[in-house]
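# what's the 3D shape of this:
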Amino acid sequence: MSIRVIPLTDPDVRQFSRRIAWLATRPDGTPVGSAFLRLDSRRTHAHLADFELTVHPAERRQGIGSTLLRAVAAGAQDHDVRTVIADVDVASAGDVSSSSTGSRSG
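Alright, predicted model coming up:
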């Protein structure tokens, strides 16, 4: 399946952070997943970011999450982020996926 990743402008700007976002769609425009990278605007925390990644349950195991994760990693690199943090529930689809990408828990 061909997936299109669309960068979005996210209106969620806060005092010390802002988000960049991506929407994954099928070729017909049907949304199948999304990702958000929250960048910290404080100089002392500019190297940190956290992210959320969601893939519709019916669309999992097709590379959509990996495609979105590559977009998040590129966005982090573009903004000189060295550490990206995410919360993942144990034994969830995200836990399985994060283990396969070499992510560390801590």
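# which regions of the chain lie under the pLDDT threshold?
1, 88-106 (pLDDT under 70).
# can you rerun that using 50?
91-92, 95-100, 103 (pLDDT under 50).
# Strands of that one, residue ranges please.
4-14, 17-25, 31-40, 48-55, 83-85 (DSSP state E).
# Serialize these to a markdown table and add fields for mean neighbour count.
Any C-beta I mention is one placed from the backbone N, CA and C, and that applies to glycine too. Conversion of the strands of the chain to a markdown table gives the following (neighbours: other C-beta atoms under 10 Å):
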| stretch | mean neighbour count |
| --- | --- |
| strand 4-14 | 11 |
| strand 17-25 | 19 |
| strand 31-40 | 20 |
| strand 48-55 | 20 |
| strand 83-85 | 13 |
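# want to throw those into TSV with distance to residue 68?
Listed next are the strands of the chain as TSV, based on distance: least, C-beta to C-beta, whole Å:
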stretch	distance to residue 68
strand 4-14	7
strand 17-25	6
strand 31-40	4
strand 48-55	5
strand 83-85	13
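# out of the ones you listed, nearest to residue 61?
Taking C-beta to C-beta, strand 48-55 is the member of the strands of the chain nearest to residue 61, at 9.1 Å.
# Give the pairing partners of the closest one; include direction for each.
strand 31-40 (antiparallel), strand 83-85 (parallel) (DSSP bridges).
# nearest to residue 67, of these?
strand 31-40 (8.2 Å).
# mind checking how far the closest one is from the chain centre?
How far strand 31-40 lies from its chain's middle: 4 Å, per C-alpha atoms, centre = their mean, to the nearest Å.
# Kindly export it (C-alpha atoms) in CSV.
Only the C-alpha atoms of strand 31-40 are listed here, as CSV (Å, rounded to 0.1, in the frame of the first residue of the first chain):
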residue,chain,number,x,y,z
PRO,A,31,-6.3,9.2,7.1
VAL,A,32,-4.6,6.1,8.6
GLY,A,33,-2.2,7.6,11.1
SER,A,34,-0.7,10.7,12.6
ALA,A,35,2.4,11.9,14.5
PHE,A,36,3.2,14.9,16.6
LEU,A,37,6.6,16.2,17.7
ARG,A,38,6.5,18.7,20.6
LEU,A,39,9.6,20.9,20.5
ASP,A,40,10.6,22.7,23.7
